[in-house]
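A.B. asks: the amino acid sequence is not available; the structure is as follows:
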DNA sequence: GATTCGTGGCC
DNA sequence: TGGCCAAGAAT
């Protein structure tokens, strides 16, 4: 046992409600935690994910970026397509950003894709094509923060550095009884300190990897948000949440906020089997993706349609609602046909446009709800 | 420090 | 159905 029952609750780690400094577990506790986690990972952890069993920093980096705020099952097919198209960092750096965006389309958080491309170019141009091995140097690169840098450094280079992702926050909050919402800066700082204190003393590469992977595996497979399997957990006997039946309350939930609702009108302008796409600005929602021309209301969309060369009806399609993390978007699609003799050119506005046959849509990075809309149209237009 | 960034799965 | 959030980072 790595912590006595008498001292456990009194020394609940991290910040307390009064805001006092973090109270770290005793040294014996820290050593016991890592050793037990490593042993558990080797026996019960995950060992066959596509980005495991390699020390190639490129493959590890790519997986870590894709896995930011994204579940494993979602990432797997994207990861396979990326590796097939861009087998190494030089290939990725040399590719047009548009190709990267097209492969990323549907995965979300598109700044990750833009930073991925910038990072690949920085590795080639500033590091001779090889990822730097230190946490600090990795964290200087675009899209790599403190936690991702630690993950890459530990898996690829055996660095003794801790991650702090959603899995780790959940495990630490429960095992050590860390109160407060982990998204709050004060709580997160306390968790970083706690996580650092729990690192294994061993600098053996295999131990370091197993420890980092164990943190992720425990949170992803046993210490899950909904119904944690405490009966199988190596820390069940010492877990504050398990001892007090507070698994449902730890970690503390994000404070609730009302999600605003926005509404937009989208134009499906057709020329035979092709539709007109418009490139979105590089930042903001769906930044750098190709989408349908938009307007803020019905009238403005009709004006845009006619300016683009539509001379017939602008007809409604079935509306759809898309839910983002921080707002809901009601989409009002309208469809129109390019006038005969107008030709497949448009009076260009500020944005870049392209006529794309629906069968070629895969070559363009298109947001998920727009992609669904166009997929639903494919039968009727062809 | 609080916001802004997607999408899909789960209950 | 709708709330919640996942291998977070940048601003």
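C.D. replies: On my side now, so go ahead. Note that the structure is predicted; figures quoted are calculated from it, not measured.
A.B. asks: show me which residues of the stretch 1-150 of chain A sit near DNA strand C.
C.D. replies: Residues of the stretch 1-150 of chain A lying close to DNA strand C (CB under 7 Å from any atom of the strand) are A:46, A:49, A:51-52, A:63-64, A:67-72, A:109, A:111, A:115, A:142-149. Placement of C-beta: from N, CA and C, glycine included.
A.B. asks: give me the buried positions along stretch A:215-223.
C.D. replies: Neighbour counts using 16 or more other CB atoms under 10 Å place A:215, A:216, A:217, A:218, A:219, A:220, A:222, A:223 of stretch A:215-223 among the buried residues.
A.B. asks: can you list contacts of that stretch?
C.D. replies: When contacts are taken as CB atoms under 8 Å, 6 or more residues apart in numbering, the neighbours of stretch A:215-223 outside the stretch itself are A:37, A:40-41, A:44-46, A:72, A:162-163, A:165-168, A:170-171, A:174, A:228-230, A:232-234.
A.B. asks: also stretch A:292-302?
C.D. replies: When contacts are defined by CB under 8 Å, 6+ apart, stretch A:292-302 is touched by residues A:264-269, A:275-278, A:303-304, A:308, A:314, A:332-334, A:353, A:370, A:373.
A.B. asks: could you turn the buried ones of the residues you listed into a PyMOL selection?
C.D. replies: With 16+ other CB under 10 Å as the burial test, the buried ones among the contacts of stretch A:292-302 are selected in PyMOL as follows:
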select buried, chain A and resi 264+265+266+267+268+269+275+276+277+278+304+308+314+332+333+334+353+370+373
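A.B. asks: among the contacts of stretch A:292-302, which ones are in helices?
C.D. replies: Judged by DSSP state H, the contacts of stretch A:292-302 include A:303, A:304, A:370, A:373 as members of helices.
A.B. asks: separation between the first one and DNA strand B?
C.D. replies: Using CB to the nearest atom of the strand, to the nearest Å, one gets 25 Å for the distance from residue A:303 to DNA strand B.
A.B. asks: for the nearest residue to that residue once chain neighbours are set aside, give me phi and psi.
C.D. replies: In space, and not counting its chain neighbours, residue A:303 is closest to residue A:295: 7.6 Å by CB to CB, 6 or more residues apart in numbering. Note on residue A:295: its backbone torsions stand at phi -150, psi 160 [degrees, to the nearest 10].
A.B. asks: quick one: low-confidence ranges for chain A?
C.D. replies: Across chain A, the stretches falling below the confidence threshold (pLDDT under 70) are A:1-23, A:26-29, A:342-349, A:379, A:381-382.
A.B. asks: around DNA strand B, which positions in it sit nearby?
C.D. replies: Neighbours of DNA strand B within chain A, by CB under 7 Å from any atom of the strand: A:69-71, A:73-74, A:105-111, A:183-186, A:226-227, A:283-287, A:322-326, A:367-369.
A.B. asks: mark which of those are buried, thanks.
C.D. replies: In the residues of chain A next to DNA strand B, burial by neighbour count holds for A:105, A:107, A:108, A:110, A:286, A:322, A:367, A:369, counting by 16+ other CB under 10 Å.
A.B. asks: of these, closest to DNA strand B?
C.D. replies: The closest of those to DNA strand B turns out to be residue A:108 (CB to the nearest atom of the strand; 2.6 Å).
A.B. asks: so what's that closest one closest to, chain neighbours aside?
C.D. replies: Nearest to residue A:108 is residue A:70, by CB to CB, 6+ apart, at 6.9 Å.
A.B. asks: check residue A:263 too.
C.D. replies: Take residue A:263 and drop its neighbours on the chain: the residue closest to it by CB to CB, 6+ apart is residue A:330, 4.4 Å away.
A.B. asks: and the contacts of stretch A:103-119?
C.D. replies: Stretch A:103-119 is contacted by residues A:61-62, A:65-66, A:68-70, A:74-75, A:78, A:81-82, A:85, A:92-93, A:95, A:97, A:100-101, A:141-144, A:282-283, A:286-289, A:364-368, A:371 when judged by CB under 8 Å, 6+ apart.
A.B. asks: try stretch A:274-290
C.D. replies: Counting by CB under 8 Å, 6+ apart, stretch A:274-290 makes contact with A:97, A:101, A:105, A:110-111, A:113-114, A:267-269, A:291-294, A:308, A:324, A:344, A:346, A:351-358, A:364-367, A:374, A:377, all of which sit outside it.
A.B. asks: was I right to think residue A:158 contacts residue A:202?
C.D. replies: No. Here residue A:158 does not reach residue A:202: they are 10.1 Å apart, not a contact under CB atoms under 8 Å.
A.B. asks: quickly list what's touching both of the two.
C.D. replies: Shared contacts of residue A:158 and residue A:202, counting by CB under 8 Å, 6+ apart, come down to residue A:208.
A.B. asks: contacts only, for residue A:52.
C.D. replies: For residue A:52, the contact set (CB under 8 Å, 6+ apart) comprises A:46, A:213.
A.B. asks: helix, strand or coil: sort out it for me.
C.D. replies: Secondary structure for residue A:52, judged by DSSP: H, G, I helix; E, B strand; the rest coil, is coil.
A.B. asks: and it, backbone torsions?
C.D. replies: phi -90, psi 180.
A.B. asks: looking at this, residue A:330 is in a strand?
C.D. replies: Yes. Membership of residue A:330 in a strand is supported by three-state DSSP.
A.B. asks: tally up the residues packed near it, please.
C.D. replies: Residue crowding around residue A:330 was assessed by other CB atoms under 10 Å; the count is 13.
A.B. asks: my guess is it contacts residue A:265. True?
C.D. replies: No. With contact taken as CB under 8 Å, residue A:330 and residue A:265 are classed as non-touching, separated by 9.8 Å.
A.B. asks: find residues that contact each of the two.
C.D. replies: Shared contacts of residue A:330 and residue A:265, counting by CB under 8 Å, 6+ apart, come down to nothing at all.
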